[in-house]
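Participant: Sequence first, predicted coordinates after that:
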Amino acid sequence: MNKEKRIKQVAETTQKAIYALSNTANELPELQATELPIILYGVFIDVANNLELDPDSLYLFMKKSIGYTETADGYALNFPSDLIKGDDE
């Protein structure tokens, strides 16, 4: 798969994951602000385990390499297309 197609695939999967997590969080009646980070951190730890990465290293990499931008509607992920590789690279 070339890089363009891979970027599109990762972007679509990212959007699906956002919707899935949002829908899951909406299932909890009166979700408290302190409870959401528990859900997010559980997902994060699972990903780190699946990738066989140290969670602290993964967090620092994400913070440095991806980050976010403040928008009029809140915040948006800085989509890291430079971190995605295709078969053509």
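Facilitator: Everything's here; your move.
Participant: then stretch 78-87 to PDB, C-alphas only?
Facilitator: C-alpha atoms of stretch 78-87 as PDB (Å, rounded to 0.1, in the frame of the first residue of the first chain):
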ATOM      1  CA  ASN A  78      -2.200  17.400  14.600                       C
ATOM      2  CA  PHE A  79      -2.400  14.500  12.200                       C
ATOM      3  CA  PRO A  80       1.200  13.100  11.900                       C
ATOM      4  CA  SER A  81       1.300  12.000   8.200                       C
ATOM      5  CA  ASP A  82       5.100  12.200   8.300                       C
ATOM      6  CA  LEU A  83       5.000   9.300  10.800                       C
ATOM      7  CA  ILE A  84       3.100   7.000   8.500                       C
ATOM      8  CA  LYS A  85       5.000   4.900   6.000                       C
ATOM      9  CA  GLY A  86       3.900   3.200   2.800                       C
ATOM     10  CA  ASP A  87       5.300   0.300   0.900                       C
END
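Participant: Which residues does that stretch contact?
Facilitator: Stretch 78-87 is contacted by residues 1-7, 10-11, 14, 65-69 when judged by CB atoms under 8 Å, 6 or more residues apart in numbering. Using the backbone N, CA and C atoms, a C-beta is placed for each residue, glycine as well.
Participant: can you do 6 Å?
Facilitator: Contacts to stretch 78-87, defined as CB atoms under 6 Å, 6 or more residues apart in numbering, come from residues 1-3, 6-7, 10, 65-69.
Participant: Pull out the buried positions in that stretch.
Facilitator: Buried residues in stretch 78-87, defined by neighbour count with 16 or more other CB atoms under 10 Å: residue 84.
Participant: mean confidence for that stretch?
Facilitator: Mean pLDDT, computed over stretch 78-87, is 84.
Participant: How far off centre is the helix ranked longest in the chain?
Facilitator: Scanning the chain for the helix with the most residues, using DSSP state H, yields helix 3-26. In terms of CA atoms, centre = their mean, to the nearest Å, the centre of helix 3-26 is set 8 Å apart from its chain centre.
Participant: What subset of the contacts of stretch 78-87 is buried?
Facilitator: 6-7.
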